[in-house]
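**Q** Have a look at this fold, sequence not included:
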């Protein structure tokens, strides 16, 4: 059984070496997409901060004792809750994108090793397999 498995693994490694340039191209595109998600998250966070600052400035123009007015108080609380939710989303989006970037970088290292003809470790093979669904999703989008 071991003798049968070894040629199969060697054949898979050779196939991976042949596919490495295409794989690297796909990984590069995936990395660009993830970097775009980081940039978009930063843009949305900046817009959220500006909007909240404008809301706070508007609050400053409200008459003294506005906090006793249920409508104004509700509006101020709504703005605050919206800002907090947007900030949580920002951190969540950044975390997801950075985890994705880390996975892509590991897969790129593995693909470069395969391209150079190196024997891949189990960790390197797992790194390539981990990004395969993301690459397939990106191609179908």
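**A** Received, thanks. Just so we're clear, the structure is a prediction, and the values are computed from it rather than from any experiment.

**Q** to the chain's geometric centre, what's the distance from the lowest-mean-pLDDT helix or strand in the chain?
**A** Ranking every helix and strand in the chain by mean pLDDT, DSSP states H and E puts helix 2-61 at the bottom, with a mean of 85. In terms of C-alpha atoms, centre = their mean, to the nearest Å, the centre of helix 2-61 is found 5 Å from the chain centre.

**Q** And stretch 56-73, by the same measure?
**A** 39 Å.

**Q** so how far does that stretch reach from one end to the other?
**A** With C-alpha to C-alpha, to the nearest Å applied, stretch 56-73 spans 12 Å between its terminal residues.

**Q** how far off helix 2-61 does the host helix or strand of residue 74 point, in degrees?
**A** Using DSSP states H and E, residue 74 sits within helix 70-115. Interaxial angle, helix 70-115 versus helix 2-61 (axes from the mean of the first three to the mean of the last three C-alpha atoms, to 10 degrees): 150 degrees.
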